[in-house]
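Asks: Mind folding the following:
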Amino acid sequence: MIPASAVGQLKERFKSRRAGRPESSGREIIKRFPLLGWFQLMIARRAFLVLLLVCLGCSAQSSPSPAPSPGAPPPSDITRVIERQVRAHYSLPPDVRVGIGSLRASDFANYDAVTITFSSPGKKQDFEFLLARDHKSLIRLTRLDLTTDPYSDVMKKIDLTGRPTRGNKNAKVTVVNYDDFECPFCSRMHATLFPGLFKEYSDRVVFIYKDYPLEEIHPWSVHAAIDANCLAAQNADSYWDYADYLHHNGDEVTVQYKEKGRAASAALGKVSKEEADKVYKEKGLEAAGAELDKLATLQAQKHTLDVPKLQACVIAQDDQAVRASMREGDSLGVDATPAMFVNGQKLDGAVPAEEVRAALDQALKDAGVAPPEHKTADTAKTPSSAPAK
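Replies: I've put the predicted structure just below:
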């Protein structure tokens, strides 16, 4: 549509021509170009719209990030950057290796999933991360599944097959304690549980121990766990008596370890520290093992077990079950002892009796079982301690 002002100007122009009146160049310029200017304006507007649509189209085509390459690891230069960042952020020691897995599609736009593995001698742990497709950020994401019970999920991961029990075997509340017979904090926790809390809860809770010996700092702990399991294979009561004794008298075994180790290394004369330490440990372990085997045999005799069968078991020192229990603990986040799970709820360290009691009472309530009445508070509270590492 032509603007009304332009039409009026054209009429005026034609009138002036009919009247024979000359037009000044200034007025001519003003009156000749309104229509041309309008067309130019319309063309410019349309050109701008076309250009805008083209730009938007290009932007829409370039905005999506490239699709991940299933099974392909990040580029080598990005892998080096990731390892450097992860080592710095988590303060990883030099002996911990960092492995970066292949990229996978994730549920988050513009991010790929990648598994980063931390491994050291005897231990390996996987962590899930999200890597931006522009390779500028790495995110550690924790997803909580609200459709499942986290405590029940934990208990499903714990294999209790064949483990000796204390308390009500049909109880709705299960206490699983990852234990180390040489650990002083474990001995403190054991004293809190038995006989104290056990007297209060034995009719409505079942207590079970699993193995998690910290052999790096407790040299005879694996041997003790194997001997205890040899007893458990024949009789649960003999296992618990053995556990009670070691947790109350473990220092006797440690004394044997140190005395025999020192004597053996001193007899070497002038040797390197490395050689002396090696002999110290070898002879110390021999002495500690002999003491542990003797204590296990005494329990077998006390409970009228098959002594030859027990002795064959302790001589074999088959550690497969112990190692499996340790791997299981690792999968549950256990990295120190004691580590206790009350129907799946984790308690770390030698926690006070009242803290264990609170966890037991809550678990009983959740299971629809009335907790016992607590007439008096503990007069001697167990001090809270950090778990042994």
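
Asks: Could I get the contacting residues of Val154?
Replies: 332, 341, 344, 346 (Cβ atoms under 8 Å, 6 or more residues apart in numbering). Quick note: C-beta positions are derived from backbone N, CA and C, even for glycine.

Asks: now do 6 Å
Replies: Counting by Cβ atoms under 6 Å, 6 or more residues apart in numbering, Val154 touches Gly344.

Asks: In terms of helices and strands, where is it?
Replies: Secondary structure assigned from DSSP states H and E places Val154 in helix 150-156.

Asks: Point out the other helices and strands that the helix or strand just after that helix packs with.
Replies: Next along the chain after helix 150-156, taking DSSP H and E as the criterion, comes strand 165-167. If contacts are counted by 3 or more Cβ pairs under 6 Å, 6 or more residues apart in numbering; DSSP states H and E, strand 165-167 sits against strand 205-211.

Asks: could you redo the last one with a cut-off of 7 Å?
Replies: If you count contacts as 3 or more Cβ pairs under 7 Å, 6 or more residues apart in numbering; DSSP states H and E, strand 165-167 packs onto helix 198-201, strand 205-211.

Asks: mind putting those in CSV, distance to Asn170, mean neighbour count and mean pLDDT included?
Replies: Below are the helices and strands packed on strand 165-167 laid out as CSV (distance: least, Cβ to Cβ, whole Å; neighbours: other Cβ atoms under 10 Å; pLDDT from 0 to 100):
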stretch, distance to Asn170, mean neighbour count, mean pLDDT
helix 198-201, 14, 17, 96
strand 205-211, 8, 23, 98
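
Asks: is it possible to export those to JSON lines including distance to Asp153?
Replies: Shown next, in JSON lines, are the helices and strands packed on strand 165-167 (distance: least, Cβ to Cβ, whole Å):
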{"stretch": "helix 198-201", "distance to Asp153": "24"}
{"stretch": "strand 205-211", "distance to Asp153": "17"}
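
Asks: Looking at these, spot the one closest to His303.
Replies: The closest approach between His303 and any of the helices and strands packed on strand 165-167, judged by Cβ to Cβ, belongs to strand 205-211 at 17.5 Å.

Asks: so whichever helix or strand comes after that closest one versus strand 205-211, what angle?
Replies: The helix or strand immediately downstream of strand 205-211 is helix 221-232, counting by DSSP H and E. Angle of helix 221-232 versus strand 205-211, following axes from the mean of the first three to the mean of the last three Cα atoms, to 10 degrees, is 130 degrees.

Asks: Averaged pLDDT, helix 221-232. What do you get?
Replies: Mean per-residue pLDDT for helix 221-232: 98.

Asks: Return it as PDB; C-alpha atoms alone will do.
Replies: Taking C-alpha atoms only, helix 221-232 is exported to PDB below (Å, rounded to 0.1, in the frame of the first residue of the first chain):
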ATOM      1  CA  SER A 221      44.600 -59.700  61.800                       C
ATOM      2  CA  VAL A 222      44.100 -61.900  58.700                       C
ATOM      3  CA  HIS A 223      45.400 -65.000  60.400                       C
ATOM      4  CA  ALA A 224      43.100 -64.400  63.300                       C
ATOM      5  CA  ALA A 225      40.100 -64.000  61.000                       C
ATOM      6  CA  ILE A 226      40.900 -67.200  59.200                       C
ATOM      7  CA  ASP A 227      41.200 -69.100  62.500                       C
ATOM      8  CA  ALA A 228      37.900 -67.600  63.700                       C
ATOM      9  CA  ASN A 229      36.200 -68.800  60.600                       C
ATOM     10  CA  CYS A 230      37.600 -72.300  61.000                       C
ATOM     11  CA  LEU A 231      35.900 -72.400  64.400                       C
ATOM     12  CA  ALA A 232      32.700 -70.900  63.000                       C
END
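
Asks: How far away from the center of its chain is it?
Replies: 28 Å (Cα atoms, centre = their mean, to the nearest Å).

Asks: For the helix or strand following it, give the mean pLDDT please.
Replies: Using DSSP H and E, the helix or strand that follows helix 221-232 in sequence is helix 236-266. Helix 236-266 shows a mean pLDDT of 96.

Asks: do the same with stretch 344-352
Replies: Stretch 344-352 comes out at a mean pLDDT of 96.

Asks: in the stretch 51-200 of the chain, which spans are helices?
Replies: For the stretch 51-200 of the chain, the helices defined by DSSP state H, counting those that start in this stretch occupy 76-90, 150-156, 184-191, 198-201.

Asks: Relative to Glu275, which of those helices is closest?
Replies: helix 184-191 (29.6 Å).

Asks: What are the buried residues along that closest one?
Replies: By 16 or more other Cβ atoms under 10 Å, the buried positions in helix 184-191 come out as 184-191.

Asks: How much space separates Asp126 from Ile100?
Replies: In this view, Asp126 and Ile100 are 11 Å apart by Cβ to Cβ, to the nearest Å.

Asks: With neighbour numbers in mind, choose between those two.
Replies: A direct count of neighbours by other Cβ atoms under 10 Å for Asp126 and Ile100 places Ile100 higher, at 19 against 11.

Asks: OK, contacts around the more buried one?
Replies: 73-74, 79, 82-83, 114, 116 (Cβ atoms under 7 Å, 6 or more residues apart in numbering).

Asks: centroid residue for this protein?
Replies: Central residue of the chain (Cα atoms, centre = their mean): Gly333, 5.3 Å from the mean position.

Asks: Determine the three-state secondary structure at the closest residue to that residue other than its chain neighbours.
Replies: Nearest residue to Gly333, sequence neighbours excluded (Cβ to Cβ, 6 or more residues apart in numbering): Lys346, at 7.3 Å. What DSSP: H, G, I helix; E, B strand; the rest coil gives for Lys346 is strand.

Asks: Would you mind telling me which of the helices and strands packed on strand 165-167 is nearest Val173?
Replies: strand 205-211 (4.7 Å).

Asks: which element is Arg357 on?
Replies: helix 353-366.

Asks: That helix - contacts with which helices or strands?
Replies: By 3+ Cβ pairs under 7 Å, 6+ apart, helix 353-366 packs against strand 173-179, strand 339-342, strand 345-348.

Asks: so which of the ones you listed gets nearest Asn110?
Replies: Nearest of the helices and strands packed on helix 353-366 (Cβ to Cβ): strand 345-348, 35.2 Å.
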